[in-house]
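J.: coords please:
(chains A, B, C and D)
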There are 2 protein chains.
Amino acid sequence: MAAETLTAVRSIVRQSQDIVATRTYRPPCDVCVECDVRKQAVCAALDDSELGALQAIMTSTKLETHRTLVDQGQPRNRVYTLTSGMLRLYTMLPDGRRQITAFLLPGDYLGLGDEDVHDQTAEAVVDCSLCGFTVGEMEKLMDRYPRLRQRLHQMTRIALRQARDSQMILGRLAPVEKVASFLLVLSARAAEHGGALNPVHLPMTRTDIADYLGLTIETVSRSFTKLRVQGLIRLPDAHQVDIVDRRALTAVAGIEAR
Amino acid sequence: MAAETLTAVRSIVRQSQDIVATRTYRPPCDVCVECDVRKQAVCAALDDSELGALQAIMTSTKLETHRTLVDQGQPRNRVYTLTSGMLRLYTMLPDGRRQITAFLLPGDYLGLGDEDVHDQTAEAVVDCSLCGFTVGEMEKLMDRYPRLRQRLHQMTRIALRQARDSQMILGRLAPVEKVASFLLVLSARAAEHGGALNPVHLPMTRTDIADYLGLTIETVSRSFTKLRVQGLIRLPDAHQVDIVDRRALTAVAGIEAR
DNA sequence: CGTATGATTGATTAGAATCAAGCTCTGTGG
DNA sequence: CCACAGAGCTTGATTCTAATCAATCATACG
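T.: Modelled structure (predicted):
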């Protein structure tokens, strides 16, 4: 196994990325009210009149493609809401093997961990915008607005559900089934987040998909090809998937009813 | 694939189990105060004086080995705290493939889902005792005691962390590594729950372990044998594992630092 | 004591990882 | 403008490993 090589390569990449990872600034006055993810993020728990309290402790952050937002092992000082772009969350083994546990979409919350250090690394798949809060101030705010804590609890439960779905996908599905489910899940989530169901956009690389599904890039690629040849999807380009036959794709995914 | 056979067999087993799944009764007065899991379960959030409120809405339940407590798809009326025994939580595909997502130990909470139906089946690995609460009454109680909700939120975060660790194990570890991590995790959890670190008790079958780790029983068995032959563990019997060389076992697990 | 269930071990097969080219697209510099 | 380089993706050939198929063994139970 070429694990050492992998680690070496990745740590080199890491160094160049960490120099300037984020740019932070105070937001203008009424950003929150007209925010794109107002209805999906934690802030959905607050009405417009309460939103000021959240905005008061919030800082906006931009994160460029491939930059690291938080690193596995770093102290957990801040939590975030993703407002645009996509993040990948992953854990890495000492020998360089990587498991992506989730892709975060706009509205998703980063910092659902329970410990004082981050147990995962979060990186930008594409350019991202985020709202940041210090853990302490967010705690205070949740004490003041119980609905905020309730909403965060709900988001944690949803994340748990997604993680458990992913356990099924990782443990019991064959490669083509994994890729088919991946596409369907992404399509459904895009729709939930206010996007379209059908042309599924995959901003991440094949390597990311492989590290999410517990496969190699070659197997991911071959699975895409199989689905394309069978006429279930079209692939205008590597990052754009047109679901031609959703019913058949669902059957392949092995999920059937859901 | 002999999936149809599997389904058939399992549904027959199911029928015989569902006839009388649980026996329920009102608990005597001061059960909660001197409960074994008083310090680990949700109730840890309440002090002795507040415990009465919880006890008032609680019903004790016994569940015999292999009985089903809740079924994937059933309405989610009640939630539970496991007080003794062990539960397996799993999702099943229409074709009979099964993925166990968690083994619940005493103190663990069942019902962290977010929907009005259970997304998983919960079965007794061995005889179990549980405290049951209706969802509605638990909700009311959490409104009254915010610390209770906070505690449940924390337990959800811990479950999420465990699910994500499991994603890594399922997606990126080799069979022997999977089994090694499984043993270490179980050992650590037993210790957390007030048990001993070392002789690890495995009440579940090899089939359960296989369905948890995304393997077949044969591969699980062979992995145990490998670890035994290498002198890392001893196997007095199939359900008892003596960890001889914890350091080496950790190295095999690929986790190394944690 | 025979039967059933679960666990282990062995032989064979299927399929995903690995190894190894190509290919496509993008961006760069001559 | 085109040649070239590089990264990411796809495809092909080969290897290796876990699944499958098939006994055998161990233990509990009627």
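J.: only C-alpha atoms for contact and neighbour calcs from this point on.
T.: Will do.
J.: Domains in chain A, by residue range?
T.: Domains of chain A are assigned by automatic domain parsing as A:3-163, A:173-253.
J.: Skipping its backbone neighbours, what lies nearest the residue at minimal distance from the centre of chain A in space?
T.: In chain A, the C-alpha nearest the mean C-alpha coordinate belongs to A:L104, at 1.7 Å (C-alpha atoms, centre = their mean). Computed as C-alpha to C-alpha, 6 or more residues apart in numbering or on different chains, the closest residue to A:L104 that is not its neighbour in sequence is A:L87, at 4.9 Å.
J.: so where's the stretch 151-258 of chain A shaky on pLDDT?
T.: For the stretch 151-258 of chain A, the stretches with pLDDT under 70 are A:256-258.
J.: Tell me the residue of it that sits nearest DNA strand C?
T.: A:L215 (3.5 Å; C-alpha to the nearest atom of the strand).
J.: next one: phi and psi at A:L232?
T.: Note on A:L232: its backbone torsions stand at phi -90, psi -30 [degrees, to the nearest 10].
J.: Also A:K178?
T.: Per degrees, to the nearest 10, the backbone of A:K178 is at phi -60, psi -50.
J.: One more: A:A102?
T.: The phi and psi values for A:A102, taken as degrees, to the nearest 10, are phi -160, psi 150.
J.: tell me which element A:G73 falls in.
T.: In this assignment (DSSP states H and E), A:G73 forms part of neither any helix nor any strand.
J.: That should have said A:L184, apologies.
T.: Secondary structure from DSSP H and E places A:L184 in helix A:175-192.
J.: Does DNA strand C have contacts with that helix?
T.: Yes. Using C-alpha under 7 Å from any atom of the strand, helix A:175-192 reaches DNA strand C at A:P175.
J.: Check which residues of that helix are buried.
T.: Using 16 or more other C-alpha atoms under 10 Å in any protein chain shown as the test for burial, helix A:175-192 gives A:175-184, A:186-188, A:190.
J.: ok, now stretch A:190-209?
T.: Neighbour counts using 16+ other C-alpha under 10 Å place A:190, A:193, A:197-202, A:204, A:206, A:208-209 of stretch A:190-209 among the buried residues.
J.: Do a quick rundown of the strands in the stretch 51-200 of chain A.
T.: A:59-63, A:68-70, A:78-84, A:87-92, A:98-104, A:109-110, A:121-124, A:128-134, A:199-201 (DSSP state E, counting those that start in this stretch).
J.: I'd like the ones you listed as TSV, with distance to A:Q162 appended.
T.: Putting the strands of the stretch 51-200 of chain A into TSV (distance: least, C-alpha to C-alpha, whole Å) gives the following:
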stretch	distance to A:Q162
strand A:59-63	25
strand A:68-70	21
strand A:78-84	17
strand A:87-92	13
strand A:98-104	8
strand A:109-110	14
strand A:121-124	17
strand A:128-134	22
strand A:199-201	19
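J.: Make CSV out of those and add distance to DNA strand D.
T.: Shown next, in CSV, are the strands of the stretch 51-200 of chain A (distance: least, C-alpha to the nearest atom of the strand, whole Å):
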stretch, distance to DNA strand D
strand A:59-63, 18
strand A:68-70, 15
strand A:78-84, 20
strand A:87-92, 15
strand A:98-104, 15
strand A:109-110, 25
strand A:121-124, 13
strand A:128-134, 18
strand A:199-201, 12
